[in-house]
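Asks: coordinates only, sequence not included:
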């Protein structure tokens, strides 16, 4: 993944950061899909907390030609396999260092193998940071070292094969149905509100620049 060799760009300082993490269907572009942008827009938090990019969270030009579903799936499989190696973790580290250097509270909404990619976070370097994940249709061979809340579709046979504890079960939902699902927006908003209420209060008491 040559995209990981791009230099990390600094993030503005904020009490919290919320970002999406999933496999890149275009391995040279980290732009979010229309549905992912809509989900981020709907989250009840300040805009400056939101990261409107996929990992690595850097500014890149948008590629207008979307990959065919089969090609996109193949790219995700490659990233899933590659993410288990030391080289991936080494190349990803500088990007995690950049975003974790801008906040003490990182909330990730992951899709599919995004939960596996999140395992590359060098969390031991940031022992005082809070990192939590809302995993949509998680696909991973190992448990994450930070708190994870899962959302699984009852017809998501891929994710259910990995036997994660299912905190939220969506009816008649397949592996590709999460990002535009109305219940996912409700779950994500509630999940985030319950974790950021005190942080929002701090943001009011100590506004940016004070």
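Replies: Arrived safely. Model, not experiment: these values are computed from the prediction.
Asks: Longest helix in the protein, by number of residues?
Replies: Scanning the chain for the helix with the most residues, using DSSP state H, yields helix 182-205.
Asks: Show me what that helix is packed against.
Replies: With contacts taken as 3 or more Cβ pairs under 8 Å, 6 or more residues apart in numbering; DSSP states H and E, helix 182-205 sits against helix 34-42, strand 105-111, strand 130-136, strand 148-153, strand 168-170. The C-beta positions use only the backbone N, C-alpha and C, and glycine is treated the same way.
Asks: Single out the most deeply packed of the ones you listed.
Replies: Stretch with highest mean neighbour count among the helices and strands packed on helix 182-205: strand 105-111 (a mean of 24; mean count of other Cβ atoms under 10 Å).
Asks: Residue 45: neighbouring residues, count only.
Replies: Residue 45: 22 surrounding residues under other Cβ atoms under 10 Å.
Asks: hang on, it packs against residue 196?
Replies: Yes - between residue 45 and residue 196 there is a contact at 6.0 Å, judged by Cβ atoms under 8 Å.
Asks: where do the contact lists of these two overlap?
Replies: By Cβ atoms under 8 Å, 6 or more residues apart in numbering, residue 45 and residue 196 have these common neighbours: residue 16.
Asks: Figure out the length between the terminal residues of stretch 32-49.
Replies: 16 Å (Cα to Cα, to the nearest Å).
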